[in-house]
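In: The following block contains a protein sequence and its predicted model.
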Amino acid sequence: MSEKTIRIGTRDSELALWQAKTVEKKLNDLGYKTEIIAVKSQGDIILDKPLYELGITGIFTKTLDIAMISGQVDIAVHSMKDVPTALPEGIIQAAVLERANVLDILVHKGNLDFLENNGTIATGSLRRQAQWWNKYPNHKVVDLRGNVNTRMQKLSDNDWNGAVFAAAGLERINLKPGNFIDLDWMIPAPAQGAMVVVAMANDNFTIDALSQLNHIETEICTYIERQFLKTLEGGCTAPIGALAKYNEQNDTIEFQGILLSVDGKQKLEINKEVDISEWKKLGFNSAQEILNNGGNELMTEIRKQLKK
């Protein structure tokens, strides 16, 4: 039996292709054969079960989930922050690659005076919007959607003072401009800067191949952050940030978590440092602490607001 070719599914944006090629190179270096398959929207594939029954929810991952379940591709590579905390039935997390830059950055137009006065910044993220308003309550925040190339173009076409991006996405495709500042006060999205590779649960050959790409430290830190998110959200989108870091010197995990109201006026934060042996429940325990200290009420309020 000849060794199978691992088919890597990808969306056709520049960043998605970069991520697929990165995984392809790593697999090729280990001696595996691969093929990249760009997958367009999959509305025309008829599945024998409705999407919600398969647990397919992620707006950015849906197309590739369907391509995997219908057998067009074997694996998919995602920005981990875009992947819903519950994967569809039959799909598993097979590798988390070593994390890149975790920070959010503000791309601006060469003048930062607006930070002291009134200004307008753009972001499509509830988390970034709420943290921005928490720090700059007088600013206007406008919605910004699309892939990173589209968003950079929209920034130059409009008279906004700046827009917030994940540093990692811009760095990966060499789009990071000279005019930016690191927003080190902004807590990133859970798993920001990490890439995840998913495979079919019954595909042992591919799972074995991908296990060699897994970066254990990133896997643990993103697990904690996503557990925090899942415990707080219960399936609803909310302004939530989380960052776990391994402290090699102390053999501990440092964790920061945040939940904000949509308008940024309320902010519930947690900062913890625990022994590495306690990693498995750290996200859950941190979220419970926030929920018990005003988080439950805040989440109820957020759900109400976002239903409107």
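Out: All right, it came through fine.

In: how's the chain carved up into domains?
Out: As given by automatic domain parsing, the domain ranges for the chain are 6-98+194-214, 104-182, 226-307.

In: I220: which of these is closest?
Out: Among the domains of the chain, the nearest to I220 by CB to CB is domain 226-307 (5.5 Å). All C-beta spots, glycine's among them, are computed from the backbone N, C-alpha and C.

In: Can you give me the end-to-end span of that closest one?
Out: Terminal residues of domain 226-307 are spaced 23 Å apart (CA to CA, to the nearest Å).

In: roughly how far out does that domain sit from the chain middle?
Out: Centroid separation for domain 226-307 versus its chain: 15 Å, with CA atoms, centre = their mean, to the nearest Å.

In: Check stretch 84-95 too.
Out: Distance, stretch centre to chain centre, for stretch 84-95: 14 Å (CA atoms, centre = their mean).

In: So what would you say the end-to-end distance of that stretch is?
Out: Length of stretch 84-95, first residue to last, CA to CA: 16 Å.

In: in that stretch, what's buried?
Out: P84, T85, L87, P88, I91, Q93, A94, A95 (16 or more other CB atoms under 10 Å).

In: ditto for stretch 118-133
Out: So stretch 118-133, judged by 16+ other CB under 10 Å, has buried residues 119, 121-123, 125-133.

In: same deal with stretch 149-156?
Out: Buried residues in stretch 149-156, counted by 16+ other CB under 10 Å: R151, M152, K154, L155.

In: State the pair within these that is farthest apart.
Out: By the measure CB to CB, M152 and K154 form the most distant pair in those, at 7.4 Å.

In: Lowest pLDDT pick from the buried residues of stretch 149-156?
Out: Minimum pLDDT for these is recorded at R151 (93).

In: Which residue, other than its chain neighbours, is closest to that residue?
Out: Nearest non-adjacent residue to R151, counting by CB to CB, 6 or more residues apart in numbering: L144, 5.4 Å away.

In: swap in G146?
Out: Using CB to CB, 6+ apart, the closest residue to G146 is K154 (6.9 Å).

In: for T206, same thing?
Out: Spatial nearest neighbour of T206, chain neighbours left out: A199 (4.8 Å); criterion: CB to CB, 6+ apart.

In: Look at the residue nearest to the spatial centre of the chain and tell me its secondary structure.
Out: Centroid check for the chain by CA atoms, centre = their mean gives K81 as the closest residue, at 1.0 Å. The three-state label given to K81 by DSSP: H, G, I helix; E, B strand; the rest coil is helix.

In: Okay, it and G58: tell me how far apart.
Out: K81 sits 11 Å away from G58, going by CB to CB, to the nearest Å.
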